[in-house]
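> give me coordinates for this.
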Amino acid sequence: MPVKSEANAVYENRTKNLSNDDIQVLLKEFREKITSEYAAYMNTCAHCGLCADSCHYYITDHDPKNIPAYKLGLITSVFKRFYDLIGKKAPFLVGSRQLTKEMVDEWIDSLFGRCSLCGRCAINCTMGINIPYLIRIARGALAELGLVPPGLQSTVDTAINKGNNMGISREDWLETGEWLEEELQDEVEDKKASLPIDKKGTRLLYTINPREAMFFPLSISAAGKVFYAADESWTFSSENFDVTNYGLYSGDDQAAGLMSKRLADAIQELGCQELILAECGHGFNSNRWEAQEWLSQTYGFKVRSILEVLADYIKEGRIKLDPSKNSQVVTLHDPCNLVRLGGIVEEQRFILRHAVENFVEMIPNRDKNFCCGGGGGQLAMTRFAERRIKAGKIKADQIKATGAKIVATPCHNCIDQIMELNKHYKLGIEIKTVTELAANALILKKPD
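Residues are numbered from 1 along each chain as shown. Here you go, the predicted model:
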């Protein structure tokens, strides 16, 4: 059971004391988020149940509440009760339901606690329903009433108020950059090697997941080493460096747009040509695909994943790799937001085939791969931690079946979740980013 905190106590009190006016506000926000496309989805589900075996929650715990169609039904039943003629006049015919306090509780438990927004159900839906988008719309309506679970909301609030989701100050970030630069210079034996910050007019502006600065600094060094080897023109921003965007998970478009706008502003202020996103699944999906819709604007610059840049370096001969430097068996976990929802599928495989000696695929893989369980804000919501770890068993079993000693995954949410699965299911593996493996395999020229 999660430890009771003041934030949890306030949240529980809020959910228990919802007024009729609160319910009406929630309904209004819910309705305003529904486009004609989503309204069509609301009336399309054939209740065939084929989505069940696509969901890692249902596969590991055959609770009917884990079936994607059930979760979707919680949303569509409310829509039909208030916005469908038959649902209003004869609710028993279409299963429409009132939005009560009890129904709100079920929304919170199912839409936040039983879904990682991984999208696997959508690609297996016979009717083509975009189930994760509808779940996110309902989450967004809950967000308007302050009903996002405290851990997830706290992460959003920290990013909004502090500039990044770990609350790292500018001074601490600059200090981190300084000592990592010194270590990079020692490693490559070149005092000219640098981790530039706020360098204007560079080709690339590179972002990070703040957890890298706090807990995984080697992944920052790895990117710097690759850029050094490629003789790249690049920089960090001292203020706006956070690739993550938990507004995607909370459903709060306004907060999500603000976080993405900071990166857009940074690239304009520094005069860079491309925004390069670190290995972060939801950060890629947010800033590459969703941000321009949230902001109602078109970017005048490219947005790419570091994986795309790395693959280009190899193809163009800008870096050389020696796969014998990574001799252990390596497998690849596909982050949902990067692969299934983001379209970055083959780049990481291309890199690994050049960077490691023995690369084996999980089965299934690519867009059919299973979610590790860490997405959708699950890692931030401790109240659902037991459920999250249990649902992660399917990923643990996938990893075991490969016989790999190293799991590469281009996402720090996935890294954190797989680290927990590694401990819980005793997998005996290492977890690394793709960039770390590439950096370890680099063949460096002697400095002039």
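> show me where the stretch 301-448 of the chain has its strands.
Along the stretch 301-448 of the chain, counting by DSSP state E, counting those that start in this stretch, strands occupy 302-305, 329-332, 358-361, 406-408, 430-432.
> so which of those is the most packed in?
strand 406-408 (a mean of 24; mean count of other C-beta atoms under 10 Å). (Glycine included, C-beta is placed from N, CA and C.)
> what mean pLDDT does that strand have?
Strand 406-408 shows an average pLDDT of 98 in the prediction.
> for that strand, packing partners?
strand 329-332, strand 430-432, helix 434-440 (3 or more C-beta pairs under 8 Å, 6 or more residues apart in numbering; DSSP states H and E).
> contact partners for R203?
232-234, 272-274 (C-beta atoms under 8 Å, 6 or more residues apart in numbering).
> can you pull out the helices in the stretch 201-350 of the chain?
Applying DSSP state H, counting those that start in this stretch to the stretch 201-350 of the chain gives helices spanning 210-214, 217-229, 247-250, 253-270, 281-284, 291-295, 306-316, 347-355.
> for N209, find the nearest of the strands of the stretch 301-448 of the chain.
strand 302-305 (12.8 Å; C-beta to C-beta).
> can you list contacts of the closest one?
273-277, 279, 284, 287-288, 338, 342, 344, 347, 410.
> so how do I select the buried members of these in PyMOL?
In PyMOL, this line selects whichever of these come out buried by 16 or more other C-beta atoms under 10 Å:
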select buried, resi 274+275+276+277+279+284+287+288+338+342+344+347+410
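> in a markdown table, list the helices and strands packed on strand 406-408 along with mean pLDDT.
Putting the helices and strands packed on strand 406-408 into a markdown table (pLDDT from 0 to 100) gives the following:
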| stretch | mean pLDDT |
| --- | --- |
| strand 329-332 | 98 |
| strand 430-432 | 98 |
| helix 434-440 | 98 |
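> could those be laid out in JSON lines, adding distance to C45?
As requested, the helices and strands packed on strand 406-408 are exported to JSON lines (distance: least, C-beta to C-beta, whole Å):
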{"stretch": "strand 329-332", "distance to C45": "33"}
{"stretch": "strand 430-432", "distance to C45": "37"}
{"stretch": "helix 434-440", "distance to C45": "37"}
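> which one of the ones you listed lies closest to F301?
With C-beta to C-beta, the closest approach to F301 among these belongs to helix 434-440: 21.7 Å.
> got the CA coordinates for that closest one in PDB?
The C-alpha trace of helix 434-440 is given here as PDB (Å, rounded to 0.1, in the frame of the first residue of the first chain):
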ATOM      1  CA  VAL A 434      21.400   3.000 -27.200                       C
ATOM      2  CA  THR A 435      23.600   6.000 -27.200                       C
ATOM      3  CA  GLU A 436      25.600   4.600 -24.300                       C
ATOM      4  CA  LEU A 437      26.300   1.400 -26.300                       C
ATOM      5  CA  ALA A 438      27.200   3.400 -29.300                       C
ATOM      6  CA  ALA A 439      29.600   5.600 -27.300                       C
ATOM      7  CA  ASN A 440      31.300   2.600 -25.800                       C
END
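> and that helix, what does it pack onto?
helix 217-229, helix 306-316, helix 347-355, strand 406-408.
> do you know which of the strands of the stretch 301-448 of the chain lies nearest L99?
Closest among these, using C-beta to C-beta: strand 302-305, at 37.7 Å.
> can you list the strands that the closest one pairs with?
strand 274-277 (parallel) (DSSP bridges).
> quick one: mean pLDDT over the partner strand.
98.
> contact partners of it?
Looking at what lies outside strand 274-277 - C-beta under 8 Å, 6+ apart - the contacts are 203-207, 234, 243, 263-264, 267, 283-284, 287-288, 299, 301-306, 309.
> equivalent analysis for stretch 347-365, please.
305, 307-308, 310-311, 314, 321, 323-324, 326-334, 369-370, 398-399, 401-404, 406, 408, 410, 434, 437-438, 440-441.
> over to stretch 7-20?
Stretch 7-20 is contacted by residues 2, 101, 104-105, 108, 145-147, 149-150, 154, 383 when judged by C-beta under 8 Å, 6+ apart.
> nearest spatial neighbour of the residue most central in space within the chain, chain-adjacent residues omitted?
For the chain, the residue whose C-alpha lies nearest the mean C-alpha position (C-alpha atoms, centre = their mean) is H282; its distance is 2.6 Å. In space, and not counting its chain neighbours, H282 is closest to N337: 4.4 Å by C-beta to C-beta, 6 or more residues apart in numbering.
> phi, psi for the one you found please.
phi -70, psi -20 (degrees, to the nearest 10).
> burial check on it, number of neighbours?
30 (other C-beta atoms under 10 Å).
> any chance of the strands of the stretch 301-448 of the chain in CSV, plus distance to L248?
Listed next are these as CSV, based on distance: least, C-beta to C-beta, whole Å:
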stretch, distance to L248
strand 302-305, 15
strand 329-332, 23
strand 358-361, 28
strand 406-408, 23
strand 430-432, 23
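> out of those, which comes closest to S238?
strand 302-305 (20.3 Å).
> roughly how far is the closest one from the heart of the chain?
Distance, stretch centre to chain centre, for strand 302-305: 16 Å (C-alpha atoms, centre = their mean, to the nearest Å).
> do stretch 132-142 as well
That offset, for stretch 132-142, works out to 16 Å (C-alpha atoms, centre = their mean).
> and it, average pLDDT?
Averaging pLDDT along stretch 132-142 yields 96.
> hmm, who's touching that stretch?
Applying C-beta under 8 Å, 6+ apart, the set of residues contacting stretch 132-142 is 26-27, 29-30, 33-34, 38, 41-42, 71-72, 74-76, 104, 107-108, 111-112, 115, 117-119, 121-122, 148, 248-253, 341.
> ok, now stretch 247-263?
Stretch 247-263 is contacted from outside by 117, 136-143, 148, 152-153, 156, 159-160, 163, 205, 207, 239-240, 242-245, 275, 282, 285-287, 290-291, 294-295, 337, 375-377, 380, using C-beta under 8 Å, 6+ apart.
> give the buried residues for that stretch.
Buried-residue list, stretch 247-263, by 16+ other C-beta under 10 Å: 247-253, 255-260, 262-263.
> and for stretch 166-174?
The neighbour-count check on stretch 166-174 (16+ other C-beta under 10 Å) flags 166, 168, 173 as buried.
> picking that back up, the helices and strands packed on helix 434-440: which one's closest to L195?
Of these, nearest to L195 by C-beta to C-beta is helix 217-229, at 4.8 Å.
> export that closest one to CSV, keeping only CA atoms.
The C-alpha trace of helix 217-229 is given here as CSV (Å, rounded to 0.1, in the frame of the first residue of the first chain):
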residue,chain,number,x,y,z
PRO,A,217,25.0,11.2,-15.9
LEU,A,218,26.9,8.7,-18.1
SER,A,219,24.1,8.9,-20.7
ILE,A,220,24.8,12.7,-21.0
SER,A,221,28.5,11.9,-21.3
ALA,A,222,27.8,9.3,-23.9
ALA,A,223,25.9,11.8,-26.1
GLY,A,224,28.7,14.3,-25.7
LYS,A,225,31.3,11.7,-26.7
VAL,A,226,29.3,10.9,-29.9
PHE,A,227,29.0,14.5,-30.8
TYR,A,228,32.7,15.0,-30.2
ALA,A,229,33.5,12.0,-32.4
